[in-house]
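Asks: Sharing a sequence plus its predicted fold:
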Amino acid sequence: QGRSANVEQATGLFSSLIGETSVTQRWVRGEISNFQYLMSLNTLAGRSYNDLMQYPVFPWILADYDSEELDLTNPKTFRDLSKPMGAQTSQRLDQFKKRFRDWDDAGTDSPPYHYGTHYSSAMIVSSYLVRTEPFTQHFLHLQGGHFDLADRMFHSIGEAWESSSKNNMADVRELIPEFFYLPDFLTNRNNFDLGMKQSGEQLNDILLPPWAKNDPKEFIRVHREALESDYVSTNLHKWIDLIFGFRQQGDAAAEVANVYHHLFYEGNVDIFSIDDPLQRNATIGFINNFGQIPKQLFKKAHPAKKLSGKGTNGVEVSGAAINSKIFFHNLTNLRPSMAPVKELKGPVGEIQPSERMIYAVEQNKVLVPGNSNRYLAWGFADQSFRLGTYDTDKAVFICEPNYLVGEVLTCVCPNPKLVLTAGTSSVVCVWIYHKKLKQLHLKHSLYGHTDAVTCLAASPSWGIAVSGSRDQTAIIWDLSRFTYIKNLPGHVGPVAAVNINELTGDIVSCAGSMLYLWDVNGTPIASINTAPSPKEKGAIADASQILCVAQSQFNEWDRQNVILTGSSDGVVRMWSLDYVEVAVDGEPVQHNTPEHEVSLSEISSITRLAKKMSVSLSGDCLSSLRDAVARQKTQSLHSEASVDEPSSDTEDCEDLETDGPSQMDDLIGGCSPLPENCTSPSLDIEPSVMGSPRRFTPLTSPTSPLKTITEPPEICVTATADDSFVVINSPVEEAMEVSSPGPAMRPGDGYTWSRQLVF
């Protein structure tokens, strides 16, 4: 960092003259986030990723791991940051206090303490990250070559919280930074055999709380959002006092029950003064296995963070969303500028904003990183590259490459000394700029595409580059080793634009009117057809092609971040990633008796009926409906008599109400009508206004076996007025009133969560 990383403000005249600012003051003023500040404190206290015994420590933030949705405005949602983990519940705290009061260790000089175990150790870190290499090998080394007993392994977020805050007297562990940015450690992608619990449960992925929607990425996003919330920002200084501040040791620590074993503290024991080798080795082993207290950084109470709504540098801080000036928080108020912000001599090739102005250059030009006062141009008849100044538009020098690479179609500059080019040769060329020689020298040639490369993107933060080609693929490259990483297949046509998010590493690729979203590992997240619906005014569904794409990169935990696409119809569209309730069409069906011979389409229709009526469909009710449908199909073989009275098997569905009667025969042919209080009009999903119509392909046929669904079914969604959730578009009769939404449907009730791009 350019600024000083001192913890406290220097008082000297020289420091005042040069404007030196401590990291604490920057945090108090809202210039850096809570996560950044905690990482800075860990670094200054000697904590490092390179030492499992002194790994960075982060606090437990939340106390609610049971709710479907988190209420970040409710203090009961959060952990009490003014107390250590051992003092979160009064019952366990009383036992720790009794131990401290009645301490009597005859024959030793060990002072009294509340906790004989530590909140951070090599074993705690390795157990958290056991599903991710190389921490798996570290864990096995600490355990003597095998995994721990399954019942003692880290398996559930909620159970880990209950253990460390209430149930286990020997567990007072805190968290590690990965809980706020790395979803990969929550999944068992390497398929390690972690054993089976005594209950018969096989250990695999980490069990997430309901509000994470069974998605590690959503858990990380919400957990980070909670870390940056108003409540945590207001109270985080109290936790800092416990770990890094004046309540770390001494009488102030005893007052809040924050005293640990004396060997955990820095400077309490001199290893070299111990003459007995056995005692010396035992002391070293104790410290290595049980952890160490961070270096004390503050001798007095830590100041609280100011929640003024906006930092001094104009950065929005927690609690500022209500009066936010971020564009994606005010999409309904966006208006085009009255005059162009920049006029160019030809079509726009690149736009780069800065704090003071907006830089833009023509096609076949790319801005050089730094102060953006230079650009690199290509596309000349002699295949030369020309470095020019932005203000005067004059070439500083002309470089003729020492290697002919065909016609260059695209170029990107990750840093001032590195240039990536690609074109008709299908090869991505890596050039190094030598300032003294004023020459570009070819360093690497990256082979992978089979047709011309049309677009490039690079991320210095993540050390990757992405290339898109006419061969309908995109490839991720490693910029540190200049090697191939992964192919991104499945595009419907030539890839026209790619983009990398510097904060999250998410990759966006575009082909025709299709928009694809991938994570940094190349795993597909979502895709959508951006072509306007024919119902839109002046829309030409097949003529809209995406030409450029960008991503908002502000507060990676903000769900309202958008992807912007510019299309050939002259329209800029914005898309966000949200969770949609999707009917589980491929729910397993029992085939033991004819009573359960119900097709998937019929069960799906029942589920869609419940979703159409915006009510909760319980498991018992769904089973009753299935039984009713199966029984009716069996009875229809013997008679065609209609059922005039409601069946007793559907009495559990009395809460399904609508204002207008209808027959279920519109949905399921040959089935008996539902009772009057369980009826609904026919459900024909209408194409969404932000995507082209989709053809529905039946999952199974009468003669085909049941197949596993590999991808969630695509449904049509649209954003509501407050942009807080999405709804399913379906036609509603004009004379019919739809009942108000009921309680949220839980997983297993005939739906699942699906991450989808919404307009």
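Replies: Cool, the structure landed. Residues are numbered from 1 along each chain as shown.
Asks: remind me which residues of this structure are low pLDDT?
Replies: Along the chain, the model assigns pLDDT under 70 to residues 1-21, 105-108, 267-272, 287-288, 308-324, 372, 401-404, 533-543, 584-751, 759.
Asks: ok, 50 please
Replies: Scanning the chain for pLDDT under 50 picks out 1-4, 10-11, 13-20, 310-322, 537-541, 586-633, 636-748.
Asks: Can I get stretch 483-495 as CSV, trimmed to CA atoms?
Replies: Only the C-alpha atoms of stretch 483-495 are listed here, as CSV (Å, rounded to 0.1, in the frame of the first residue of the first chain):
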residue,chain,number,x,y,z
THR,A,483,0.1,-22.0,-19.4
TYR,A,484,-3.3,-23.4,-20.2
ILE,A,485,-5.8,-23.7,-17.3
LYS,A,486,-9.3,-24.6,-18.5
ASN,A,487,-11.6,-24.5,-21.5
LEU,A,488,-15.0,-22.8,-21.3
PRO,A,489,-17.1,-24.8,-23.8
GLY,A,490,-20.8,-24.7,-24.8
HIS,A,491,-21.1,-21.3,-26.5
VAL,A,492,-23.8,-21.2,-29.2
GLY,A,493,-21.5,-19.3,-31.6
PRO,A,494,-18.3,-17.3,-31.9
VAL,A,495,-17.3,-15.6,-28.7
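Asks: How many residues are close by the closest residue to Tyr119 other than its chain neighbours?
Replies: Distances taken as CB to CB, 6 or more residues apart in numbering place Glu174 nearest to Tyr119, at 4.3 Å, with adjacent residues excluded. Bear in mind the C-beta positions are built from the backbone N, C-alpha and C, glycine included. Using other CB atoms under 10 Å, Glu174 has 19 neighbouring residues.
Asks: Name all residues that make contact with Glu174.
Replies: Contacts for Glu174 (CB atoms under 8 Å, 6 or more residues apart in numbering) come out as Val57, Phe58, Pro59, Trp60, Met85, Tyr119, Ser120, Ser164, Ile243.
Asks: Was I right to think the fifth one contacts Ser164?
Replies: Yes. Contact status for Met85 versus Ser164: in contact at 5.4 Å, counting by CB atoms under 8 Å.
Asks: Give me the common contacts of the two.
Replies: Trp60, Val172, Arg173, Glu174.
Asks: Helix, strand, or coil at the first one?
Replies: Look at Trp60: counting by DSSP: H, G, I helix; E, B strand; the rest coil, its state is coil.
Asks: what sits against the closest residue to it other than its chain neighbours?
Replies: Distances taken as CB to CB, 6+ apart place Arg79 nearest to Trp60, at 4.9 Å, with adjacent residues excluded. Arg79 makes contact with Pro59, Trp60, Ile61, Leu62, Ala63, Gln88, Ser165, according to CB under 8 Å, 6+ apart.
Asks: Need the nearest residue in space to the first one, chain neighbours excluded.
Replies: Distance criterion CB to CB, 6+ apart; nearest residue to Pro59, sequence neighbours excluded, is Trp239 at 4.9 Å.
Asks: show me the contacts for the one you found.
Replies: Going by CB under 8 Å, 6+ apart, Trp239 touches Pro59, Leu81, Ser82.
Asks: Now do it against Gly423, distance only.
Replies: Counting by CB to CB, to the nearest Å, the gap from Trp239 to Gly423 is 54 Å.
Asks: contacting residues for Ser552?
Replies: Residues in contact with Ser552 (CB under 8 Å, 6+ apart) are Phe327, Phe328, Asn561, Val562, Ile563, Leu564.
Asks: tell me the contacts of the residue lying closest to Gln553 once chain neighbours are set aside?
Replies: The shortest distance from Gln553 to any non-neighbouring residue, by CB to CB, 6+ apart, is to Leu503 (5.0 Å). Each residue near Leu503 by CB under 8 Å, 6+ apart is listed here: Ser461, Gln553, Phe554, Glu556.
Asks: Does Phe328 touch Ile563 like I think?
Replies: No. Phe328 is beyond contact range of Ile563, at 10.2 Å (criterion: CB under 8 Å).
Asks: list the residues that contact both of these two?
Replies: With contacts defined as CB under 8 Å, 6+ apart, the residues shared by Phe328 and Ile563 are Ser552, Met574, Ser576.
Asks: Reformat those residues as TSV; add secondary structure.
Replies: Listed next are the shared contacts of Phe328 and Ile563 as TSV, based on three-state DSSP:
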residue	secondary structure
Ser552	coil
Met574	strand
Ser576	strand
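Asks: Val57 and Lys213: what is the separation?
Replies: 28 Å.
Asks: And Asn330, by the same measure?
Replies: In this structure, Asn330 and Lys213 are 27 Å apart, going by CB to CB.
Asks: who has more neighbours, these two?
Replies: Neighbours per residue, other CB under 10 Å: of Asn330 and Lys213, the larger number sits with Lys213, 20 against 10.
Asks: Contact partners for the more buried one?
Replies: Lys213 touches Tyr579, Trp753, counting by CB under 8 Å, 6+ apart.
Asks: Dihedrals phi and psi, it?
Replies: Dihedral pair for Lys213: phi 60, psi 30, per degrees, to the nearest 10.
Asks: Against Thr117, how distant is it?
Replies: Taking CB to CB as the measure, Lys213 falls 33 Å from Thr117.
Asks: now do Thr523
Replies: Distance from Thr523 to Thr117, by CB to CB: 37 Å.
Asks: Looking at those two, which is more packed in?
Replies: Thr117 (19 against 13).
Asks: and the residue lying closest to that one once chain neighbours are set aside, how many neighbours?
Replies: Of all residues beyond its chain neighbours, the one nearest Thr117 is Ala170 (5.3 Å), with distances taken as CB to CB, 6+ apart. Counted with other CB under 10 Å, residues neighbouring Ala170 total 10.
Asks: for Ala170, phi and psi?
Replies: The phi/psi pair for Ala170 (degrees, to the nearest 10) is phi -100, psi 10.
Asks: re earlier: so between Phe328 and Ile563, which is more surrounded?
Replies: Between Phe328 and Ile563, counted using other CB under 10 Å, the more crowded position is Ile563 (24 against 17).
Asks: Hmm, the more buried one is touching Val572, no?
Replies: No. With contact defined as CB under 8 Å, Ile563 does not count as touching Val572 (11.1 Å).
Asks: tell me, what's touching those two both at once?
Replies: By CB under 8 Å, 6+ apart, no residue touches both Ile563 and Val572.
Asks: name the element the closest residue to Ala254 other than its chain neighbours belongs to?
Replies: Excluding the flanking residues, the one nearest Ala254 by CB to CB, 6+ apart is Phe100, at 7.4 Å. Under the criterion of DSSP states H and E, Phe100 resides in helix 90-101.
Asks: hang on, the earlier thing: please convert the shared contacts of Phe328 and Ile563 to a markdown table, extending it with distance to Leu278.
Replies: Compiled in a markdown table, these are given as follows (distance: CB to CB, whole Å):
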| residue | distance to Leu278 |
| --- | --- |
| Ser552 | 61 |
| Met574 | 68 |
| Ser576 | 62 |
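Asks: so which of the residues you listed comes closest to Leu149?
Replies: Ser576 (43.6 Å; CB to CB).
Asks: And the residue lying closest to that closest one once chain neighbours are set aside, how close does it get to Lys299?
Replies: Of all residues not flanking Ser576 in the chain, Val562 sits nearest, at 5.1 Å (CB to CB, 6+ apart). Relative to Lys299, Val562 is positioned 45 Å away (CB to CB).
Asks: same thing with Val222?
Replies: 36 Å.
Asks: out of the two, which sits in the busier spot?
Replies: Val222 (22 against 9).
Asks: what does the helix or strand hosting that one contact?
Replies: Assigned by DSSP H and E, Val222 belongs to helix 216-227. With CB under 8 Å, 6+ apart as the test, helix 216-227 has contacts from 34-35, 61-62, 70, 72, 77-78, 157, 179-184, 186-187, 205-206, 208-209, 211-212, 232, 519, 525, 556-559, 579, 755.
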